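Colleague: Coordinates for the following, if possible.
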Amino acid sequence: MKILILADVFFPDTIGGAGRVAYHLAYELSRKQHQVHVITRNVNNRLLSYERLNPCLHIHRFFMPQDESLHQIFQEIKGGLSIVKRLSAEIHFDLVCIHQCLAAIGPMLSGCLKDLPAIYYFHSPWHEEFLIKRSRDSVKPGVKVRVTAFIMRFIEKRVLHKTSRVIVLSKFMSDKVSKIHNYPNAQIRLIPGGVDLDYFHPPEGGKEEVKKELLLPLDKTIFLTVRNLVPRMGLENLLEAFGRSEILMKRCLLLIGGTGFLEGRLKKIAERLNLGESISFLGHIPQETLPKIYQAADYFILPTENLEGFGLVIPEAMSCGTPVVGTPVGAIEEIIGQFHRGLMFRGTGWKDLKDKLEEVVEQADRYKFEPAVLRGFVEKRYSWKRVADAFEKEAAFLIGDHR
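Modeller: Just a heads-up that it's a prediction; the model follows:
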């Protein structure tokens, strides 16, 4: 098959789950000898405009300005469409796979891909993500923001209804796309995300050895979270839970990895709550360091407040032998609930987080899980090979039906 992939974000160009899904899907399909061409952003021309990652995987990048503006949107539409037109004149593609709406607006609405079957990876509603990013302290968004969100929703629906299939990573997102865009349930397929099982694995010498290597205290429970530092992640509630708990402050260390515009505010909250000895901001964690951080933690915390479409960090942490404690938001319960419902917070508020984390520390025997058991759970359900196999099956059916 010759497959064209349109994606706003692509790993390792950008961080975040959607970009990693796009990358691993493309990579696994190329390993199956399918010819894969990815069209994605090149912010401020920091990267090569063309890369060949292996004999079957080609990356094409169009210029994209850094600032968020109408100019940026028009540049993406123009840049993506230009590359699609050039490649379509050279290559007879069998299928187009769309990972974000904005990357597909030009190619799909212009009609230059109208003869191709199309699959849309619905990671999350474009307009909802926008509204969450623009929300501040429960203040209702202004007219300009609401109008922009309405336009986003309208465009996303137009693009979606030009596709033959929608793939979601969770039932939560399946319900979203059906409800928001009235997309037919019969054309929605659930293919969960995956994890690189060779890269993310339990520590060979046990957690204690990794803690020593990373200079982490052996007499404290190590909690870890790795997130984009933005409001929907619930990190303010997590800090509040620690700051209001003598048990957590004295007996635990919270590691927060990631960057984002909320970083300054989070550090001020930590300072206000006197969490200096109980918390460490790790900043951006390089990909090569991430497995070791997972391995060293006693527990991974997912305190999300809104819109968790899957959460790749869950199978990644579990694959490294680290249990995950999460809020009942989005798809989190679909994954953690299958393993052990006792690892779920009751809600998203700071008191819900405080109560469960104190319980985890004080009743440690109830929350001990063998790394091999955690790893086995992931191996049976979440691998990129399984993702590519399922996608390949859907793609072959659509191509055959189209012909």
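Colleague: Excluding sequence neighbours, find me the nearest residue to residue 243.
Modeller: residue 273 (2.9 Å; CB to CB, 6 or more residues apart in numbering). All C-beta spots, glycine's among them, are computed from the backbone N, C-alpha and C.
Colleague: I'd say residue 23 and residue 10 touch.
Modeller: Yes. Between residue 23 and residue 10 there is a contact at 5.7 Å, judged by CB atoms under 8 Å.
Colleague: where along the chain do the strands fall?
Modeller: 2-6, 35-43, 50-54, 57-64, 95-98, 118-121, 165-168, 188-190, 221-226, 252-257, 279-283, 299-302, 324-326 (DSSP state E).
Colleague: Identify whichever of those strands lies nearest to residue 268.
Modeller: Taking CB to CB, strand 279-283 is the member of these nearest to residue 268, at 11.8 Å.
Colleague: neighbouring contacts of the closest one?
Modeller: Residues outside strand 279-283 that contact it (CB atoms under 8 Å, 6 or more residues apart in numbering) are 239, 242, 253-259, 263, 266-267, 270, 293.
Colleague: okay, now the residue nearest to residue 243: neighbour count?
Modeller: Per other CB atoms under 10 Å, the neighbour tally for residue 273 reads 17.
Colleague: can you offset everything so residue one is 34?
Modeller: With the count now opening at 34, the last piece we talked about shows up as residue 306.
Colleague: Can you read off the backbone torsions of it?
Modeller: Backbone torsions for residue 306, taken as degrees, to the nearest 10, come to phi -90, psi 0.
Colleague: got a markdown table for the contacts of strand 312-316, with distance to residue 409, neighbour count and pLDDT too?
Modeller: Shown next, in a markdown table, are these (distance: CB to CB, whole Å; neighbours: other CB atoms under 10 Å; pLDDT from 0 to 100):
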| residue | distance to residue 409 | neighbour count | pLDDT |
| --- | --- | --- | --- |
| 272 | 34 | 26 | 97 |
| 275 | 32 | 24 | 96 |
| 286 | 28 | 21 | 97 |
| 287 | 28 | 25 | 98 |
| 288 | 26 | 21 | 98 |
| 289 | 29 | 24 | 97 |
| 290 | 26 | 20 | 96 |
| 291 | 28 | 21 | 93 |
| 292 | 33 | 16 | 92 |
| 296 | 36 | 16 | 93 |
| 299 | 35 | 20 | 95 |
| 300 | 38 | 16 | 95 |
| 303 | 36 | 20 | 95 |
| 326 | 22 | 23 | 97 |
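Colleague: can I get those in a markdown table with distance to residue 365?
Modeller: Shown next, in a markdown table, are those (distance: CB to CB, whole Å):
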| residue | distance to residue 365 |
| --- | --- |
| 272 | 19 |
| 275 | 20 |
| 286 | 23 |
| 287 | 19 |
| 288 | 20 |
| 289 | 18 |
| 290 | 18 |
| 291 | 17 |
| 292 | 22 |
| 296 | 23 |
| 299 | 21 |
| 300 | 26 |
| 303 | 24 |
| 326 | 20 |
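Colleague: got the contact list for the residue nearest to residue 276?
Modeller: Residues near residue 306 by CB under 8 Å, 6+ apart: 272-273, 275-277.
Colleague: cool, and residue 142?
Modeller: Residue 142 makes contact with 191-192, 195 under the criterion CB under 8 Å, 6+ apart.
Colleague: and stretch 241-250, how far from the chain's centre?
Modeller: 28 Å (CA atoms, centre = their mean, to the nearest Å).
Colleague: before we move on, what about stretch 56-76?
Modeller: Chain-centre distance of stretch 56-76: 17 Å, with CA atoms, centre = their mean.
Colleague: Span of that stretch from start to end?
Modeller: This stretch, stretch 56-76, spans 17 Å end to end (CA to CA, to the nearest Å).
Colleague: now do stretch 261-269
Modeller: Start and end residues of stretch 261-269 are separated by 13 Å (CA to CA).
Colleague: How about stretch 285-297?
Modeller: The straight-line separation of the ends of stretch 285-297 (CA to CA) is 23 Å.
Colleague: what sits up against that stretch?
Modeller: 249-250, 253-264, 266, 268-269, 271, 275, 281, 299, 308, 311-318, 326, 330, 334, 390, 394.
Colleague: just stretch 43-56 next, same as before
Modeller: Contacting residues not belonging to stretch 43-56 are listed as 38, 40-42, 57, 71, 73-76, 80, 92, 94, 132-133, 154, 156-157, 202, 226, 261, 317, 320, 342-346, 420 [CB under 8 Å, 6+ apart].
Colleague: and if we set it to 6 Å?
Modeller: Contact with stretch 43-56 is made by 40, 42, 73, 132, 156, 226, 345, as judged by CB atoms under 6 Å, 6 or more residues apart in numbering.
Colleague: ditto for stretch 268-280
Modeller: Outside stretch 268-280, the residues that touch it by CB under 6 Å, 6+ apart are 281, 287, 299, 302-303, 306, 308, 311, 336, 383, 386-387, 391, 394.
Colleague: chain center to that stretch: distance?
Modeller: Relative to its parent chain, stretch 268-280 has a centroid offset of 25 Å by CA atoms, centre = their mean.
Colleague: Relative to residue 163, how far out is residue 180?
Modeller: Distance of residue 180 to residue 163, given as CB to CB, to the nearest Å: 11 Å.
Colleague: Of the two, which one has the most company?
Modeller: Taking neighbours as other CB under 10 Å, residue 180 and residue 163 compare with residue 163 leading, 17 against 11.
Colleague: Not counting residues beside it along the chain, what's closest to residue 97?
Modeller: Spatial nearest neighbour of residue 97, chain neighbours left out: residue 74 (4.2 Å); criterion: CB to CB, 6+ apart.
Colleague: Look at the one you found and say how many residues are nearby.
Modeller: 25.
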